[in-house]
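J.: Here's a sequence, model it:
(one chain, ligands or ions: 1)
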Amino acid sequence: MDEIGLMIDLHLAGERQGPGSAAATRRAIELAGLDAAKPLAIADLGCGTGASALQLAEELDAHVTAVDFSSDFIAALETAAGQAGLSESIDARVASIDDLPFAEAAFDAIWSEGAIYNIGFEQGVRDWRRYLKPGGVLAVSEITWLTAERPAELEVFWREAYPEIATASQKFEVLERHGYSPIGYFVLPTECWIEHYYEPLAARYDAFLARHGHAEAARALVDADRREADLYRRYSSFYSYGFYIARRSD
Ligand code: SAH
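T.: Numbers count the residues shown, from 1 in each chain. A predicted model of the protein is given here:
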């Protein structure tokens, strides 16, 4: 199994595939000011197995078009939507978030939790804008520096892992430059990383390694995740996901 296949296998049983929580999604929904009384069309980009897509469909009674490039994640979302009685509300599609099969101005909101970094924040906010209706809302979580300075070890790790990591004020500037008015921001609290992501992930390591006969590539993936979790535990005051909510301005 290749590296992406292993990553999908490790994450498939997770409720989420990145840091987040239902409470954080709810907070972003409130800041977005979306009106559940209206028939809303929302896209969830890089949806994984669909924690936020299901919540948006449920809490806003929205029609959600959920996109991920993993057909296994999309299948898991379809199963969960069926179990939750939300099949009619969720259109789950295999597609790449840098080549979306949407019409212009199709959505009242574009949602993306822990996924925009895969194509880069600036490319995402620039390219996705056209799919929002004028006045539509973008809600994305993005790795963010919480302070102006940070330890060298951390700086080196993130410059390598994601060179676009920056402070919130720099991210706001990117949003404004690409035709958005920021309307809300908050930082994902520690439990979004530990209780909702790293702990459930760690609980799956043993079975994952056994499933893959402790192959070198599987061990390397677990080791990398452990290092990342350890780094977060030591340096959580310096970085997190910021949740950015911004309106398309015209
Ligand atoms: N939003 C989900 C998943 C976050 S993990 C959650 O918060 O739980 C990032 C997701 O982006 C993964 O599901 C991964 O399969 C997906 N992804 C990465 N690159 C992608 C691309 N180019 N196109 C579509 N999906 C992508």
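J.: how about the residues of this structure that lie near the ligand?
T.: Residues of the chain lying close to the ligand (C-beta under 6 Å from any ligand atom) are 16-18, 20, 46-48, 51-52, 68-70, 73, 96-98, 113-115, 118-119. Heads up, the C-betas are built off the backbone N, CA and C, glycines and all.
J.: Look at stretch 112-122 and report the distance between its end residues.
T.: 14 Å (C-alpha to C-alpha, to the nearest Å).
J.: who's in contact with it?
T.: The contact list for stretch 112-122 (C-beta atoms under 8 Å, 6 or more residues apart in numbering) reads 16-20, 25, 44-48, 51-52, 97-98, 124-125, 127-128, 139-143, 162, 164, 171, 174, 178, 241.
J.: in the strand or helix carrying Gly184, what's buried?
T.: In this structure, Gly184 sits in strand 180-187 according to DSSP states H and E. The neighbour-count criterion (16 or more other C-beta atoms under 10 Å) identifies Tyr180, Pro182, Gly184, Tyr185, Phe186, Val187 as the buried residues of strand 180-187.
J.: Helix or strand next in line after that strand, which one?
T.: helix 190-193.
J.: Who are the packing partners of the helix or strand following that next one?
T.: Next helix or strand after helix 190-193 toward the C-terminus (DSSP H and E): helix 199-202. Identification of packing neighbours for helix 199-202 by 3 or more C-beta pairs under 8 Å, 6 or more residues apart in numbering; DSSP states H and E yields helix 216-235.
J.: returning to what we had before: hmm, which of the residues of the chain next to the ligand are the buried ones?
T.: 16-18, 20, 46-48, 51-52, 68-70, 73, 97, 113-115, 118-119.
J.: in the chain, which strand has the most residues?
T.: If you go by DSSP state E, the chain has its longest strand at strand 132-145.
J.: ranges for the helices of this protein?
T.: Under the criterion DSSP state H, the chain contains helices at 3-11, 22-32, 51-60, 71-83, 121-128, 152-161, 168-177, 190-193, 199-202, 205-211, 216-235.
J.: that older thread, Ser249: which of the buried residues of strand 180-187 is nearest?
T.: Tyr180 (6.1 Å; C-beta to C-beta).
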